[in-house]
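# A predicted structure for the sequence below; I have some questions about it.
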Protein chains: 2
Amino acid sequence: MIARRGLLGAAALAAGTLPLRAGTAAAAPAPALRGSGDLGLVIERASGSILLIETSGRTAIGRVEGLGDLSHAAAVFSRDMRYAYIFGRDGGLSKIDMLRGALVARIVQAGNSIGGAISDDGALIAVGNYQPGGVKLFDSASLALKADIPASFGGAGARSKVVGLADLPGRRFAYSLFDAGEIWVAGLGANGTPEVQRFADVGRQPYDGFVTPDGRHYVAGLFGEDGLARIDFWQAEPRSQRILEGYGRGEEPLPVYKMPHLRGWAAAGEKLFLPAIGRHELLVVDRRSWTEIGRVATHGQPVFAVARPDGRHVWVNFAHPRNDVVQVVDTLSHEVVRSITPGRAVMHMEFTPRGEQLWLSVRDANRVDVHDTRSLERIATLPAQAPSGIFMAARAVRIGF
Amino acid sequence: MIARRGLLGAAALAAGTLPLRAGTAAAAPAPALRGSGDLGLVIERASGSILLIETSGRTAIGRVEGLGDLSHAAAVFSRDMRYAYIFGRDGGLSKIDMLRGALVARIVQAGNSIGGAISDDGALIAVGNYQPGGVKLFDSASLALKADIPASFGGAGARSKVVGLADLPGRRFAYSLFDAGEIWVAGLGANGTPEVQRFADVGRQPYDGFVTPDGRHYVAGLFGEDGLARIDFWQAEPRSQRILEGYGRGEEPLPVYKMPHLRGWAAAGEKLFLPAIGRHELLVVDRRSWTEIGRVATHGQPVFAVARPDGRHVWVNFAHPRNDVVQVVDTLSHEVVRSITPGRAVMHMEFTPRGEQLWLSVRDANRVDVHDTRSLERIATLPAQAPSGIFMAARAVRIGF
C-alpha cells in the first residue's frame, strides 16, 4: 500500500505529469482550510490512481495512488463529504481523505467485486462481490468488518455473483443475485447481526439494478429475458413484479458490445430513460405506470443515460466502437438536441449537483472536459491519466447512489 | 458589527450559556480540518446569533453573534458548503465561515427584507426586499452589489414588496410582487446588466412562492383570492396559470394566525402537500395534473409541511396557539401516523439530506431536538437560545432552496 498526496493549484498541472509529493500525512504541511461540498474525483484506471478535483474553480487539486485494479471502479462519500470510498474490481476498498489528498485505509475484502454503497446514516459501507459471491458490510470509520452475507442459493453450497447494489432508506441495501435470479435486501439488526429479506424468482440473470431517487423502488435489469424486475418497498408486503416485458431484445437483437449501466438511469421528472440492451435506443418509461411511453433513437448502444438534475436533458454515451460521441436528449420532445464528439472512449459523465456543469472523461485523449449545460459548450478541460469514472462528493446526500 | 467565534465540543455546552471566544480569526488557533457536508445552523432570533451544528455526532460546534434582527431569517450556502449567507429581516446580509465559526462579511442592503437565494453556479446571492421593494444581486465572494432591480409597477413610481424568491436553473431567480400581482424572473445578461421577464396578472396578492425540486415550476400562493398561480418554465412560451381555484378559503374561513410557508412545500413522490391558509388541513395536489386529490385533517393551522427526502412522510408544525405539536403524515394513506408534543413554539423543522434525522426547534424551551425518522423517537437534544429556523448546508446542492 502506498499513499501519496499532492494538493496543488491548477497552474502546476501538465498532461499526465501531475507532480506528486510523496510522504506521510504527518510530515506534510497542513492543507489550507476549505469546504468539501464541491469536491470530486476521477478514476484513473490504468495507473490505479484517482485525480481529486473541485468544481468551483474547475481544477485538479491532487492525486492519490496505490489503489489497485480500478477497472469498473466506483466511489461513494462520507456524509461530511471529506472521505471517499473507492471500490476496485480486485476487491479493494480504499478510504481517501480528500482534504489531505491521502489514502488513509485500504483493505482487499474479496477476490472480485462490483461496486458498493453507503448507508443513509453514513455508518456502513456495503460491497457487492462476484467472488466469493455475497455482500460485506464495513464500519465506515475504521473499515472493520461488520457482517459477511454470502449470496447462497440452491442448497448445494453455491454462491451467486452480486450485482446492482444500492442503498435504501433505513440503513438497508438492495442488490441482485445474478446466478440465483433473486433480489435481496440486507441490513443490520439491533444486535448487529445481519437481517436479510429475499425475493425469489424475480427473473433470469439480473445483471444490474438501481434504486429510484426517492428510495421507493428497486429495479433490476434482466439479461436472461426480455424485461425488468421491480419492487415497490412502500407496499405493506413488497413483492417483485415484471415490468416492460418484451421491450425489444427479441426483435433482431444486435450484438451487445457492452452491457449498459442501469445505474446510469435517468429519472427526468415523470419519466425514466433507460439504455436498451444491444440496441441504438433509449427506452422512455412512465414513472407512475412503469410502462414504455416512447423510444429515442441514438448514435450507438447507450452505456450511460444521465439526467441533468433538473431533468430537462439527458446526456448519453455509447459502447465501442461508437464511443467518441455523446448526445443530449430533450426529455419533453424526446429529440436529440445536440451531438458532441469529445474524442475516443468517452467513459463516464457526471453533473454538478445543481446541474450547471457536466464533467465527462475522454479516456484515450487523457482528458476530462467540463461543459456548460445551458450552452452545451466546453468551458474547461483538465489532463488526466486514462480517466474513466467521475464521482462528485455531493453524491453523499443522494438516495440510491 | 461584532464577530465572535467558538469551535468546541458538545461536552462544553450548557443551556443558553455556550461559551464564546471573542477575537479575530487571525488571533485564533487554526480550526481542525473537517468536511463541511454535515454542517448546519440554527437561527437564534432573540439574540441575533446562530448556533453552528453538525449532524454526524449531532452536536453544536460554535456560535456566531452580531447578526442583527433575525426575525423570519433564512440561510443559503456556498457550493463548497463552507459559507452560510444569512438574510435578516432588517435587510442585513451576513456571510459566515462555518469552518472558522466567524462572521466574515456583513452589509445592510435594505430596510426590510424577506429572504434570498443563491444561483445554481454559486456566484450570485439574491435578496428579496419589502422596503424599498425589489431584488438586489450580490457577488457571493465579496458581497459587492451586482444589480439593483426595483419592483416598479403601475407607472407612478410605486414599488412592490417582493416575496417568494427562489433560484431557477440557468443562474436566474423567480419571485412575486405582492402589491403588483406579478411574478418576475431575473438574472444577469452576458454584459452584467439585469435581464427581467415579467408575468402580469398572476392573481391578487401573491404572498409566497416556491420552485419545484426540478426547477421546472414556480408556484405562488395568493392571499387576495382563492387559488395559486403556476408557471411552467419548460414551455417554449411560459405563462402564468391559475391552479386549485376555490380550494376552500371561501367556505367559513377561520382567522389566520400565521401565514403558512409555501416554501415549506412537501414534494412527496407524485404529490405535493400544501398548508391550507386558515384551515386545519393540508391540501394534497397531484404533481402531474396540478389538481387537488385529497386533504389531510391536522391538529392546527399548518405552518410548514416538509417531506422527508424519500417522500414517504410529511412532518407538519402549526400556528399559535397550537404550536406545541408536530404531526407525521403518511403520504400513501394520507393519515396522521403520529403526533408528538415537543413543547411550546415549534418553529421549524429540517431533515438531514438523506432523511434519517429530523431536527426541530422548540423556541420557548430553548431546545433543538433530533428525531430518528424511522422510530420517530427523539435521539438527541441540544440547548439553543430561542431557536427558530434550522438550515443544513446540504441545501447548497438543491434546486429551489
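Great, that's in hand.
# where are the low-confidence patches of the stretch 151-300 of chain A?
Applying pLDDT under 70 to the stretch 151-300 of chain A flags the ranges A:248-265.
# dump the residue contacts of residue A:133.
A:150, A:151, A:159, A:160, A:161, A:162, A:177, A:179 (C-beta atoms under 8 Å, 6 or more residues apart in numbering or on different chains). Yep, even glycine has a C-beta here, placed from its N, CA and C like the rest.
# which ones are touching the nearest residue to the first one once chain neighbours are set aside?
Taking C-beta to C-beta, 6 or more residues apart in numbering or on different chains, and ignoring the residues beside it in sequence, residue A:150 has residue A:134 as its nearest neighbour in space, at 4.2 Å. Contacts for residue A:134 (C-beta under 8 Å, 6+ apart) come out as A:148, A:149, A:150, A:151, A:152, A:159, A:162.
# residues touching residue A:125, list them.
Taking C-beta under 8 Å, 6+ apart as the test, what residue A:125 contacts is A:76, A:85, A:93, A:116, A:117, A:118, A:119, A:137, A:138, A:139, A:140, A:143.
# correction: the previous question concerned residue A:73.
Going by C-beta under 8 Å, 6+ apart, residue A:73 touches A:43, A:45, A:67, A:86, A:87, A:88, A:89, A:388, A:389.
# among these, show me the least confident.
Sorting the contacts of residue A:73 by pLDDT puts residue A:89 at the bottom of the list (91).
# wouldn't that one be in contact with residue A:115 here?
No: counting by C-beta atoms under 8 Å, residue A:89 does not reach residue A:115; the two are 9.4 Å apart.
# related to what we said a few turns ago, switch the contacts of residue A:134 over to CSV; also include secondary structure and neighbour count.
Formatted as CSV, the contacts of residue A:134 follow (DSSP: H, G, I helix; E, B strand; the rest coil; neighbours: other C-beta atoms under 10 Å in any protein chain shown):
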residue, secondary structure, neighbour count
A:148, strand, 14
A:149, strand, 20
A:150, strand, 16
A:151, coil, 26
A:152, strand, 15
A:159, strand, 19
A:162, strand, 31
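# ok, so of these, who is nearest residue B:186?
residue A:162 (50.4 Å; C-beta to C-beta).
# could you tell me how far that closest one is located from residue A:150?
Remark: distance between residue A:162 and residue A:150 (C-beta to C-beta, to the nearest Å) = 10 Å.
# what do you get for residue A:399?
Applying C-beta to C-beta to residue A:399 and residue A:150 gives a distance of 27 Å.
# could you do residue A:401 as well?
25 Å.
# now do residue A:386
35 Å.
# check residue A:310 too.
Taken as C-beta to C-beta, the span from residue A:310 to residue A:150 is 42 Å.
# the nearest residue to residue A:38 once chain neighbours are set aside: what secondary structure?
In space, and not counting its chain neighbours, residue A:38 is closest to residue B:80: 4.2 Å by C-beta to C-beta, 6+ apart. Here residue B:80 is coil, with the state taken from DSSP: H, G, I helix; E, B strand; the rest coil.
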